[in-house]
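>>> Here's my sequence, what's the structure:
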Amino acid sequence: MAKGKPATSGKTRIGSPITSPPLAWQWLQRSENKLASSSTEIGGDNMESHNNNNNNNNNQFHILGSLKQSMREMFLPVGYPESVHSCYKKFHMWLGLETYVGSAIGVLCSQAMLSSLGLGAAEATGGAVAIQWVLKDGIGEFGKLFFIKQFASSFDSHPKSWKIVCEIFSGIGCFLQLCTSVVSPKFFLPLAAVGNMFNLVHESIWVASHMTFTKHFALSGNIGDIVAKDDAQMSTAHLLGMLTGVGVIALSHEPIYLFGAFTLLTPINIWSTIKMLHAAEFEVLNQAKLTLLSRTFIDTGNAVDYKELKPREIGFGEWIKPGTQGTIRIKLGSSAEKSFKSVDEVQDTVNILKNENYLLSYRKGTMQILLHDDIESPNVIQSILHATKFHDTLQKNNIHKETNWSGYLTALDDSLIWTKQNISNFEKSLNDKGWQSETVYWNDGGVRLSWEGHPSLNQVEQKQEKNSL
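Numbers count the residues shown, from 1 in each chain. Take a look at the predicted model:
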């Protein structure tokens, strides 16, 4: 899903970079000025020297200004800082440090693996080295595919959590690759392949999470510009990191020295990642935030802003803090098989919610939300608010659907009426607090349903009847 609404609608984007040369002051003397003429006559040499100094200063000012403008166009998005989110600068400063340290660690790992292969030794052949190196990469790519298949659906909804996980994976991968320098050469391939798999998973998660961050930064829809400037920033940090790594291994190639440098650099890398993620404060709605905001709105009649919500969150704002009062377990995108025990349950629920783009079912302590083919972000917001109110109604009246099915359906209907009456106020409160309500992020398995009586199905049937006539 792509985010649409800017965090601050009043900000505008500058359409094109300012390419005009910087302004420079020039001292102008009018020939008819009597005082200037007399001064020139009295101290002509001094005045000429003064003018030369001014010209030199002007040239220096012009060069520095041109250099500053060139650097700005190379590394910063057009219209910065108005065209990006307010946390852009802080986030990218920590990202630069993370990239710099990570590149230095990568040089250490490469040195360790080359030493393990005996590169340069008389008994080593180029073919054997090349084969093992290619196998290392191939096995790593194969392992990465299984990881992506299993977890890719949550990269959009939990980019910060996956970002810290991927840096931990990178640390594990680098450690395994360093271990190749202290074990028998026959263990090179399994250690290097597994280590490379962790690093490839790190790369995939990094790209996916960073694209999500980029969408949040692009207040003016300037995603391409931000991506290009990020690439320039990261290339610079990567180059500096590689140069630092080369400088480190130039001192010694001994394994104990490489492990010592790795032990020193890895905590810095993890620390910079944590600081970077804390700096990323986006007013976007994910499932955890929307659940907490629904709870607050039901209790108080108003939503809260980003900072007021933080005490009830963990995991960089992507998880609800355990023990938070009034929260419920919600599963978005459930299947009918896991949500209902019988066809009658499905039919009775559809009779109440047939005009909505979702169905609700409370089963095994979890509120299951089933999504229609036509589901959109406003429907997701309504479904979570409805699910929270429905749960409250069940708990307040001590209703269990296994023993009181009619009471369960009444609670579902009553909570729907309340939700329809209050959803507009909830959305307005979200917007007033700065939340971007046009898109909601959740761990989506892609399960979608359709049912008889839904307005979209009726429209299709009416269209078919019209065409047949």
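>>> show me where the stretch 201-350 of the chain has helices.
223-251, 255-279, 287-300, 306-309, 336-339, 343-353 (DSSP state H, counting those that start in this stretch).
>>> Would you mind finding the most buried of those?
Most buried of the helices of the stretch 201-350 of the chain, by mean neighbour count (mean count of other Cβ atoms under 10 Å): helix 287-300, with a mean of 21. Where you see a C-beta, it was placed from the backbone N, CA and C, and this is true even at glycine.
>>> per-domain residue ranges of this structure.
88-279, 284-457 (automatic domain parsing).
>>> Those into TSV, with extra columns for distance to Phe75 and mean pLDDT?
Below are those laid out as TSV (distance: least, Cβ to Cβ, whole Å; pLDDT from 0 to 100):
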stretch	distance to Phe75	mean pLDDT
domain 88-279	5	86
domain 284-457	25	94
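>>> now those in TSV, with distance to Glu73?
Converted to TSV, the domains of the chain look like this (distance: least, Cβ to Cβ, whole Å):
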stretch	distance to Glu73
domain 88-279	9
domain 284-457	29
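>>> Which of these sits closest to Gly79?
Closest to Gly79 of the domains of the chain is domain 88-279 (Cβ to Cβ; 6.8 Å).
>>> And the closest one, end to end?
End-to-end span of domain 88-279 (Cα to Cα, to the nearest Å): 8 Å.
>>> Of the helices of the stretch 201-350 of the chain, which is nearest Ser170?
helix 255-279 (7.7 Å).
>>> Contacts for the closest one next, please.
Applying Cβ atoms under 8 Å, 6 or more residues apart in numbering, the contact partners of helix 255-279 are 87, 90-91, 94-95, 97-98, 101-102, 104-105, 108, 111-112, 115, 160, 163-164, 167-168, 170-171, 174-175, 178, 181-182, 248-249, 251, 316.
>>> With Pro190 as the reference, measure out to the closest residue to Asn286 other than its chain neighbours.
The shortest distance from Asn286 to any non-neighbouring residue, by Cβ to Cβ, 6 or more residues apart in numbering, is to Tyr441 (4.6 Å). As judged by Cβ to Cβ, to the nearest Å, Tyr441 and Pro190 stand 38 Å apart.
>>> Mind putting the helices of the stretch 201-350 of the chain into CSV with distance to Arg363?
Shown next, in CSV, are those (distance: least, Cβ to Cβ, whole Å):
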stretch, distance to Arg363
helix 223-251, 40
helix 255-279, 34
helix 287-300, 18
helix 306-309, 28
helix 336-339, 6
helix 343-353, 9
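>>> Of those, which is nearest Ile369?
That would be helix 336-339 among the helices of the stretch 201-350 of the chain, by Cβ to Cβ, at 8.7 Å.
>>> can you pull the contacts of the residue nearest to Ile330 when sequence neighbours are not counted?
Computed as Cβ to Cβ, 6+ apart, the closest residue to Ile330 that is not its neighbour in sequence is Met367, at 4.9 Å. Met367 makes contacts with 328-331, 360-361, 387-388, 390-391, as judged by Cβ under 8 Å, 6+ apart.
>>> Only the buried subset of these, as a ChimeraX command please.
A single ChimeraX command selects the buried members of these (16 or more other Cβ atoms under 10 Å):
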select :328,330,331,360,361,387,388,390,391
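>>> for the contacts of Met367, which one is nearest Lys433?
Of the contacts of Met367, the one sitting nearest to Lys433 (Cβ to Cβ) turns out to be Thr388, at 17.5 Å.
>>> so what's that closest one up against?
291, 294-295, 298, 328, 367.
>>> out of Tyr441 and Pro190, which sits in the more crowded spot?
Tyr441 (24 against 14; other Cβ atoms under 10 Å).
>>> For the more buried one, give its distance to Ser220.
21 Å.
>>> ok, now Leu240?
30 Å.
>>> Turn the contacts of Met367 into TSV, including distance to Ser83.
Formatted as TSV, the contacts of Met367 follow (distance: Cβ to Cβ, whole Å):
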residue	distance to Ser83
Ile328	39
Arg329	40
Ile330	35
Lys331	38
Leu360	41
Ser361	44
Ala387	37
Thr388	37
Phe390	42
His391	42
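>>> Name the nearest of the contacts of Met367 relative to Leu309.
Thr388 (15.0 Å).
>>> mind checking the SS state of that closest one?
helix (DSSP: H, G, I helix; E, B strand; the rest coil).
>>> hmm, back to that, now, the contacts of Met367 that are in strands?
Of the contacts of Met367, the ones assigned to strands by DSSP state E are 330-331, 360-361.
>>> Among those, which one sits closest to Asp344?
Nearest to Asp344 among the ones in strands among the contacts of Met367, with distances taken as Cβ to Cβ, is Ser361, at 12.6 Å.
>>> show me the residues around the residue lying closest to the closest one once chain neighbours are set aside that make contact.
Excluding its sequence neighbours, the residue lying closest to Ser361 (Cβ to Cβ, 6+ apart) is Ser339, at 4.1 Å. Taking Cβ under 8 Å, 6+ apart, we find Ser339 in contact with 359, 361, 363, 368, 370.
>>> do that again at 10 Å, thanks
Contacts here follow Cβ atoms under 10 Å, 6 or more residues apart in numbering; on that basis Ser339 touches 331, 345-346, 349, 359-364, 366-370, 449.
>>> Same check on Met93?
233, 272, 275-276, 279.
>>> Reformat those as CSV; add distance to Gly140.
Formatted as CSV, these follow (distance: Cβ to Cβ, whole Å):
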residue, distance to Gly140
Gln233, 27
Ser272, 25
Lys275, 29
Met276, 26
Ala279, 31
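>>> Hey, what's the angle from whichever helix or strand Thr393 is part of to helix 343-353? Just curious.
Assigned by DSSP states H and E, Thr393 belongs to helix 377-396. Here helix 377-396 runs at an angle of 120 degrees relative to helix 343-353 (axes from the mean of the first three to the mean of the last three Cα atoms, to 10 degrees).
>>> what's the angle between helix 377-396 and helix 287-300?
Using the same axes, to 10 degrees, helix 377-396 lies at 60 degrees relative to helix 287-300.
>>> Which helix or strand lies directly C-terminal to helix 377-396?
helix 405-432.
>>> So for that next one, what gets flagged as buried?
For helix 405-432, by 16+ other Cβ under 10 Å, it's 407-409, 411-412, 415-416, 418-419, 422-423, 426-427, 429-430.
>>> which among these gets closest to Leu200?
Leu430 (38.7 Å).
>>> Looks like that closest one contacts Ala303 (just checking).
Yes - Leu430 is in contact with Ala303 according to Cβ atoms under 10 Å; the separation is 5.2 Å.
>>> who touches both of those two?
Shared contacts of Leu430 and Ala303, counting by Cβ under 10 Å, 6+ apart, come down to 290, 293, 297, 437.
>>> and which of these is nearest Thr214?
Nearest to Thr214 among these, with distances taken as Cβ to Cβ, is Ser437, at 20.4 Å.
>>> Quick check: the gap between that closest one and Glu376.
Ser437 is 11 Å from Glu376, by Cβ to Cβ.
>>> Among those two, which residue is more densely surrounded?
Ser437 (24 against 13).
>>> circling back to that earlier point, and the two most separated of the shared contacts of Leu430 and Ala303?
Phe297 and Ser437 (12.5 Å).
>>> hey, what's in contact with both of these two?
Common neighbours of Phe297 and Ser437 (Cβ under 10 Å, 6+ apart) are 303, 426, 429-430.
>>> Output the residues you listed in CSV; the columns should cover distance to Ala228.
CSV is the format used below for those (distance: Cβ to Cβ, whole Å):
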residue, distance to Ala228
Ala303, 36
Phe426, 38
Ser429, 37
Leu430, 33
